[in-house]
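> I need the structure of the sequence given here:
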Amino acid sequence: MSRILVIGYGNTLREDDGIGPRAAELLEERLCDSDDVRILTVHQLLPEHAAEIAESEYVIFIDASETGEPGDISGVDVSLSPSTLPMTHAPSPGLLLSMARDHFGARPRATLFTLTGSSFGFREGLSETVTSQIHQFIDEIFKFIQSQEKVGVPELQ
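As a prediction, the model looks like this:
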């Protein structure tokens, strides 16, 4: 069981929507020696991820955003979402946390990091704007992970 689970998600065939997977790959290169961190790179969040979330103390979700100015970096706490909501195409991070609680009794804390993209067309690769910001984005997530490793990860009550 890893203390910290990182899930980078998005569609790498839709330009900047691939921010999550690319950021997760770059983090994995930096954290290859860490036993405390497990990194998943996925196309989209699935209900099955609730089981992996339940085995962690802290979860970091990484995704692209269409909100804000291209290149903006954001990190926000993830709140539980009611697990009685109808399932949509893909569950939200909050819904997955609720599923981990409801089905496995787990209460990990979580943060969603996003980088605002500028282009989401049908093409592989990231836009110039995102490419110029990706290393700063990774640095911020890396520092956050280091802070969680040092202080430990308290459970949400």
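> show me where this structure has helices.
Assigned by DSSP state H, the chain shows helices spanning 19-30, 49-54, 93-104, 128-151.
> Identify all contacting residues around the third one.
Which is helix 93-104. Residues from elsewhere that reach helix 93-104, judged by C-beta atoms under 8 Å, 6 or more residues apart in numbering: 45, 47, 49-51, 53-54, 59, 61, 78-83, 85, 91, 106-108, 110, 112. Where C-beta positions appear, they are placed from N, C-alpha and C, glycine not excepted.
> try the last one
Residues outside helix 128-151 that contact it (C-beta under 8 Å, 6+ apart) are 3-4, 6, 16, 19, 22-23, 26-27, 30-31, 34, 36-37, 58, 60, 62, 70-71, 73, 75, 111, 113, 115, 117-118, 126.
> again with stretch 69-86
By C-beta under 8 Å, 6+ apart, the surrounding residues in contact with stretch 69-86 are 59, 61, 65, 68, 92-95, 97-99, 101-102, 109-118, 127, 129-130, 132-133, 136-137, 140-141, 144.
> again, but for stretch 26-39
The contact list for stretch 26-39 (C-beta under 8 Å, 6+ apart) reads 2-8, 24, 41, 52, 56, 62, 134-135, 138, 141-142, 145, 149.
> Check what pLDDT the residue minimising distance to the centre of the chain gets.
Geometric centre of the chain, nearest residue: Phe61, 1.4 Å, by C-alpha atoms, centre = their mean. pLDDT recorded at Phe61 is 98.
> before we move on, back to that, of the contacts of stretch 26-39, just the buried ones, PyMOL syntax please.
Selection of buried members from those for PyMOL, criterion 16 or more other C-beta atoms under 10 Å:
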select buried, resi 2+3+4+5+6+7+8+24+41+52+56+62+134+138+141+145+149
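> which residues touch the residue nearest to Thr12 when sequence neighbours are not counted?
Excluding the flanking residues, the one nearest Thr12 by C-beta to C-beta, 6 or more residues apart in numbering is Gly18, at 3.7 Å. For Gly18, the residues meeting the contact criterion (C-beta under 8 Å, 6+ apart) are 10-12, 64, 124-126.
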